[in-house]
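Participant: how would this look folded up:
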Amino acid sequence: ILACCRFLIGTNSGPAFVPALYGVPAVLTNWWPAGERPWRPSDIFAPKLLRRISDESYLTLGQTLREPFGWSYSKNYLADRAGVRLEDNDAEIIRAAVREMLERLDGNSQADSAADELRARADRIYDENEVVGMSQLAGEFVRRYATLIA
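Facilitator: Numbers count the residues shown, from 1 in each chain. Below you'll find the model as predicted:
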């Protein structure tokens, strides 16, 4: 199935890495940890957000890539030691990412200079923090959380 599907909708788990072996793109949601950016440029992803418990504010992309956040797999550690909680993608972010992939695959994607600029800014942040991978942040994700791409 993973070799023959049009694209995969998944998360950071074993099955998410199989379609790439067959050239099948993926929409990867609730991606975590932040330091493991998906590899393939044909994939679209939306990372989990980190929210401070003390004041409910979100961490910026740059902050999530630094220790102790960037490589921590433990939500309990992050809550207890770093004072943040993980927040899953909401349904509209996921739906929009799926629509974006369908438009790409159907050849109907529209130019979005605002999202492209935010993605370029995110790429610079990933590079500055020595995080590898070439997948693009989902368009709706970067538009909604533009202030966090810092």
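Participant: And stretch 48-59, what's buried?
Facilitator: By 16 or more other Cβ atoms under 10 Å, the buried positions in stretch 48-59 come out as K48, L49, L50, R51, Y58, L59. Every residue, glycine included, has its C-beta placed from N, CA and C.
Participant: Could you save these as JSON lines and add columns showing secondary structure and distance to L148?
Facilitator: Below are the buried residues of stretch 48-59 laid out as JSON lines (DSSP: H, G, I helix; E, B strand; the rest coil; distance: Cβ to Cβ, whole Å):
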{"residue": "K48", "secondary structure": "coil", "distance to L148": "12"}
{"residue": "L49", "secondary structure": "strand", "distance to L148": "8"}
{"residue": "L50", "secondary structure": "strand", "distance to L148": "10"}
{"residue": "R51", "secondary structure": "strand", "distance to L148": "11"}
{"residue": "Y58", "secondary structure": "strand", "distance to L148": "6"}
{"residue": "L59", "secondary structure": "coil", "distance to L148": "8"}
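Participant: between these, which is nearest A115?
Facilitator: L49 (17.7 Å; Cβ to Cβ).
Participant: list the helices and strands the strand ranked longest in the chain packs on?
Facilitator: Ordering each strand of the chain by length in residues (DSSP state E) puts strand 26-31 first. Packing partners of strand 26-31 (3 or more Cβ pairs under 8 Å, 6 or more residues apart in numbering; DSSP states H and E): strand 8-10, strand 44-47, helix 91-106.
Participant: Make a markdown table from those and add distance to S74 and mean neighbour count to it.
Facilitator: Rendered in a markdown table, the data for these read as follows (distance: least, Cβ to Cβ, whole Å; neighbours: other Cβ atoms under 10 Å):
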| stretch | distance to S74 | mean neighbour count |
| --- | --- | --- |
| strand 8-10 | 21 | 18 |
| strand 44-47 | 16 | 26 |
| helix 91-106 | 24 | 16 |
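Participant: okay, those in CSV with distance to A26 and mean pLDDT next?
Facilitator: Listed next are the helices and strands packed on strand 26-31 as CSV, based on distance: least, Cβ to Cβ, whole Å; pLDDT from 0 to 100:
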stretch, distance to A26, mean pLDDT
strand 8-10, 4, 96
strand 44-47, 8, 98
helix 91-106, 8, 98
